[in-house]
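[1] Just the structure for this:
(4 chains)
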Protein chains: 2
Amino acid sequence: MTKTKTTPSAQALPLNTILDGDCIEVMNGLPANSVDLIFADPPYNLQLRGDLHRPDNSQVDAVDDHWDQFASFEAYDRFTQDWLKAARRLLKPNGAIWVIGSYHNIFRVGAALQNAGYWILNDVIWRKSNPMPNFRGKRFTNAHETMIWASKEEGAKYTFNYEALKALNEGVQMRSDWVIPLCTGHERLKDEKGDKAHPTQKPEALLHRVLVGSTNPGDVVLDPFFGTGTTGAVAKMLGRDWIGIEREEAYRKAATARLAKVRKFDREALQVSASKRAEPRVPFGQLVERGMLRPGEALYSPRGKIAKVRADGTLIGEDVKGSIHQVGAHLEGAPSCNGWTYWCFKRDGKTVPIDVLRQQIRAEMQA
Amino acid sequence: MTKTKTTPSAQALPLNTILDGDCIEVMNGLPANSVDLIFADPPYNLQLRGDLHRPDNSQVDAVDDHWDQFASFEAYDRFTQDWLKAARRLLKPNGAIWVIGSYHNIFRVGAALQNAGYWILNDVIWRKSNPMPNFRGKRFTNAHETMIWASKEEGAKYTFNYEALKALNEGVQMRSDWVIPLCTGHERLKDEKGDKAHPTQKPEALLHRVLVGSTNPGDVVLDPFFGTGTTGAVAKMLGRDWIGIEREEAYRKAATARLAKVRKFDREALQVSASKRAEPRVPFGQLVERGMLRPGEALYSPRGKIAKVRADGTLIGEDVKGSIHQVGAHLEGAPSCNGWTYWCFKRDGKTVPIDVLRQQIRAEMQA
DNA sequence: TAACAGTTTGAATCCAACG
DNA sequence: GCGTTGGATTCAAACTGTT
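    Below you'll find the model as predicted:
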């Protein structure tokens, strides 16, 4: 259902519809100072070279869409400046914007935001619980994306539902790093052939937290890179009005079908942000990094065997090196060994199990 | 102890010392292409907040302060461009840089890095396990800082000790988000009055991971914003040479005292898990030459395919001949194949991977 | 049905030595 | 310098098929 509101400029605001076209042109045709929140997932300008294969030789399905290609950093910057300017015009004085990106583009976007007069409130890290690994072992697993939250200008009275977010976070204030899984399973839209309908569909849990935290029911949320409509879907569930802009027909079609099925106040949608808490895994190497054990220091087995700690958190014994578990198993001639309970270190003449140090770290993490 | 090395430019590199002065001037006085790694913790430019004054000391009109904000950003950008340029000149061709910052400055730094020709390898999130809460409840708890890791240029062969980092992380590859506590307790340097000696002292655990991951023992590490010397302290422990630049005398003094107390770890402890790529290459033909496999002998694939060994160390299958890798890839219809782990031979009725023979040869080479 | 094993997949700037 | 070739490289979660 589409409704319209009258704005100060007397232009109609096409609420709860997907607009077809280039986002800059479309935004320039909408009334100024009319939108409460903008959520933008612009092209990341990935610069992929050749193909990438997994160790099992299967090929990675890369983001090689034409809309992600830019000729140069300069071209990407011009595009970014243009859409950010058009977006800022639409925002109400106390409106705000979220932009998501990766290291390929987010630094340019952040600088452009500041240059355009936006005022950064936080950068928020989406920590992926199940990221794609680095298959060639040449870099760190790319396990996060960055979101920037900014008001229209310094001093604006932006919306921040502190208590709602605190409630979402088991009673403690929400941090700038959010652990949320990738969009997979039933939530991931498929096309007729069963392939993913959009290469970079964002999880609803992410938008849920954004919209609960920085909008109120009845607010107008605009997404200039609507894609398959995650922003619209979550806005609708949460009773916000939304406007999408998307120039690819296939995406508009998928988003339209998706949005028709969405119901306001869907229970499931409210549950998506609930996360389970497990005992955090503590790598032994952290004890070394944190100086709780020093490289070169000796560890002692129950039967008096000795191994030395190395800088990378492995142990070296008489004729064996490896993890605390591997070296323990080797010394005992056992198939496996829990190094945490097996090894001890010495402090002030006393012998102390290393597991004590792990518990210290866990206590810190929970605090 | 100070030592110096002769560089191609015949200028002395003042190793393991703290240099007094403006980092740009000092860096410009050091020899080009002489440093393996730069770790930089530049000023965050927080003085953009609060009252803004023009150079003539008149106060900025709050109504249209965008121009002045932009001017301030411009000044910060010029500073950033200048020190990044000076730093890049110092880097060896395969050198790399790490820069740490917060949302106040990191976007400008990241864009400047890209503009200066650096090639971003990862952005890494330092996730603080014990961040300062947001007291006013107006924003998210600022619980992280961002680090950018970049090589001198695209295609450079940067150092990445993948296996060591994997070992530090309990056997799974290191991700781009690192959970490390703030620098507190006995590690936090205090001045004579008992106040913290430096407002933003970084934890040694952070530098430990950076240096283990992206340098080797004996490398030269430079920190142009040395502060109280965390970079130097960890570099010294890990057997890396270091150079610090710091213009505040109080920080230099604190760092000097700190570094005098630091002890290098045992040589054995600095040995770190190595990649298989570092192992010596063994031509398959050697197995034939040495009589470990005989020409005409059959090798078996996991799925029962057979190929015969030829006198020159190539294989011949049903409709293909070539190296162990080429024939394996062809039989699997795969883009590539590691023939060493793919093929087996038979001895006394048992099926044995040919990689066992390679390991025998490598063991002999070491003896 | 439930438990278990094997398969698939996700915004990726993903090789290096040798001839 | 560049083309060729050897051979190293993956984690979590959802899904599919079998017992």
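[2] and stretch A:304-323, is it in reach of chain B?
    Yes. Against chain B, stretch A:304-323 shows contacts by C-beta under 8 Å from any C-beta of the partner chain at A:Lys308, A:Val309, A:Arg310, A:Ala311, A:Asp312, A:Gly313, A:Thr314, A:Ile316, A:Lys321, A:Ser323. C-beta: built from backbone N, CA, C; applies to glycine.
[3] tell me which residues in that stretch are buried?
    Judged by neighbour count using 16 or more other C-beta atoms under 10 Å in any protein chain shown, the buried positions of stretch A:304-323 are A:305, A:307-317, A:321-323.
[4] can you check stretch A:298-305 too?
    Quick answer for stretch A:298-305 (16+ other C-beta under 10 Å): A:Leu299, A:Tyr300, A:Ser301, A:Lys305.
[5] and the residue of the stretch 151-300 of chain A found nearest DNA strand D, how many neighbours does it have?
    Per C-beta to the nearest atom of the strand, the residue of the stretch 151-300 of chain A with the smallest distance to DNA strand D is A:Gly185, at 3.1 Å. A:Gly185: 7 surrounding residues under other C-beta atoms under 10 Å in any protein chain shown.
[6] Then the one 4 residues further on?
    Residues within reach of A:Leu189, counting by other C-beta under 10 Å, total 19.
[7] Confirm that A:Pro93 lies within a helix, as I assumed.
    No. Read with DSSP: H, G, I helix; E, B strand; the rest coil, A:Pro93 is strand and lies in no helix.
[8] Quick one: residues contacting the residue nearest to A:Ile316 when sequence neighbours are not counted.
    Using C-beta to C-beta, 6 or more residues apart in numbering or on different chains and skipping the chain neighbours, the partner closest in space to A:Ile316 is A:Lys308 (5.3 Å). Neighbouring residues of A:Lys308 by C-beta atoms under 8 Å, 6 or more residues apart in numbering or on different chains: A:Gly296, A:Glu297, A:Ala298, A:Leu299, A:Leu315, A:Ile316, A:Gly317, B:Asp266, B:Glu268, B:Ala269.
[9] Go through the residues you listed and flag which are in helices.
    B:Glu268, B:Ala269 (DSSP state H).
[10] can you give me phi and psi for A:Asp41?
    phi -120, psi 70 (degrees, to the nearest 10).
[11] Name the residues of the stretch 201-350 of chain A found near chain B, please.
    A:281-286, A:288-291, A:294-296, A:308-314, A:316, A:321, A:323.
[12] At the geometric centre of chain A, which residue do we find?
    A:Trp126 (2.1 Å; C-alpha atoms, centre = their mean).
[13] mind checking the SS state of it?
    The three-state label given to A:Trp126 by three-state DSSP is strand.
[14] Isn't it up against A:Leu207?
    No. Using C-beta atoms under 8 Å as the test, A:Trp126 is too far from A:Leu207 to be in contact (11.0 Å).
[15] how about the helices in the stretch 51-200 of chain A?
    With DSSP state H, counting those that start in this stretch, the ranges of helices along the stretch 51-200 of chain A come out as A:73-90, A:106-115, A:162-168.
[16] Out of those helices, which one sits most buried?
    For those, the largest average neighbour count (mean count of other C-beta atoms under 10 Å in any protein chain shown) is found in helix A:106-115, namely a mean of 24.
[17] so where's the stretch 1-150 of chain A shaky on pLDDT?
    A:1-11 (pLDDT under 70).
[18] got the residues of it near DNA strand C?
    A:41-52, A:54, A:56, A:58, A:60-63, A:68, A:102-104, A:130-139, A:142, A:145 (C-beta under 7 Å from any atom of the strand).
[19] ok, now which ones touch the residue lying closest to A:Ile106 once chain neighbours are set aside?
    Setting aside the residues directly before and after it, A:Ile106 is nearest to A:Thr146 in space (C-beta to C-beta, 6+ apart), at 4.7 Å. A:Thr146 makes contacts with A:Ile100, A:Gly101, A:Ser102, A:Tyr103, A:Ile106, A:Asp123, A:Val124, A:Ile125, A:Trp126, B:Asp123, B:Thr146, as judged by C-beta under 8 Å, 6+ apart.
[20] so what's A:Leu30 up against?
    Contact partners of A:Leu30, counting by C-beta under 8 Å, 6+ apart, are A:Gln11, A:Leu13, A:Pro14, A:Leu90, A:Ile243.
[21] From these, list just the buried residues.
    Counted by 16+ other C-beta under 10 Å, the contacts of A:Leu30 give A:Leu13, A:Pro14, A:Leu90, A:Ile243 as buried.
[22] what helix or strand is the nearest residue to A:Pro335 once chain neighbours are set aside on?
    Nearest non-adjacent residue to A:Pro335, counting by C-beta to C-beta, 6+ apart: A:Ala329, 6.6 Å away. For A:Ala329, the element it lies in under DSSP states H and E is helix A:324-332.
[23] Okay, the closest residue in space to A:Asp312 that isn't next to it in sequence and B:Pro203: tell me how far apart.
    Counting by C-beta to C-beta, 6+ apart, the nearest residue to A:Asp312 once its immediate chain neighbours are dropped is B:Ala164, at 3.8 Å. According to C-beta to C-beta, to the nearest Å, B:Ala164 and B:Pro203 sit 19 Å apart.
[24] got it, and A:Thr141?
    For A:Thr141, the distance to B:Pro203 - C-beta to C-beta - is 22 Å.
[25] In terms of neighbours, single out the busier of these two.
    It is B:Pro203, of A:Thr141 and B:Pro203, that has more neighbours when counted by other C-beta under 10 Å, with 22 against 19.
[26] check contacts around that one.
    A:Arg290, B:Ile180, B:Pro181, B:Leu182, B:Cys183, B:Glu187, B:Thr230.
[27] Local confidence estimate at the closest residue to A:Thr159 other than its chain neighbours?
    In this structure, A:Thr159 finds its nearest non-sequential neighbour in A:Ser214, 5.3 Å apart by C-beta to C-beta, 6+ apart. As predicted, A:Ser214 sits at a pLDDT of 98.
[28] I'd say A:Ser214 and A:Trp149 touch.
    Yes. Contact criterion C-beta under 8 Å: A:Ser214 and A:Trp149 qualify, at 6.9 Å.
[29] Quickly list what's touching both of the two.
    Shared contacts of A:Ser214 and A:Trp149 (C-beta under 8 Å, 6+ apart): A:Ala96, A:Trp98.
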